[in-house]
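1. Need a 3D model of the sequence below.
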Amino acid sequence: MGTLRFFKALSAFALVLFISCSDDNADEADFEPLSGEEVNLRIEIIPAGSGVVYPHSGRYGKGQEVTLRPDANPGYRFSHWTGDIESENHSQTVKLDSDKTITAIFMEFRNDFRNPIE
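-> Predicted coordinates:
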């Protein structure tokens, strides 16, 4: 008898979950169909060796959004983005609706402070 109660409770829970997740007023235009298409994201870094960008260049699902994050190597700081986006924001979210080439520009950073610990 305990097993039957368990399955009844499980069925009731599934029904409540299904009803609460469905919304007849949802605007289907807000959702993009999964097409299986891919686009290229090409990340360039200037000057070479000044830093890296995450995520790296590669193929991504068409319509996917990625947040680009620059990481400067020692002696450099991130300056701005050029190419298919123009921005000075450190992190940048990009919708990959087509092939994109984005360049991260880093600048030399000179620390003029002296280290008091010898």
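2. So, low pLDDT: which residues of the protein?
-> The chain contains residues with pLDDT under 70 at 1-35, 111-118.
3. now the helices for it?
-> Along the chain, counting by DSSP state H, helices occupy 2-21.
4. residue ranges of the strands in it, please?
-> Ranges of strands in the chain, per DSSP state E, are 38-46, 51-54, 58-61, 65-72, 76-83, 92-95, 100-108.
5. Now render the ones you listed as TSV, adding mean neighbour count.
-> Every residue, glycine included, has its C-beta placed from N, CA and C. Output for those, formatted as TSV (neighbours: other CB atoms under 10 Å):
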stretch	mean neighbour count
strand 38-46	16
strand 51-54	17
strand 58-61	14
strand 65-72	16
strand 76-83	17
strand 92-95	15
strand 100-108	18
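6. what sits against residue 51?
-> By CB atoms under 8 Å, 6 or more residues apart in numbering, the residues touching residue 51 are 45, 70-73, 76, 78, 104, 106.
7. same thing with residue 97?
-> 39, 62-63.
8. Let me know the closest of these to residue 52.
-> Residue 52 lies nearest to residue 39 out of the contacts of residue 97, by CB to CB, at 21.1 Å.
9. Tell me how far that closest one lies from residue 47.
-> 27 Å (CB to CB, to the nearest Å).
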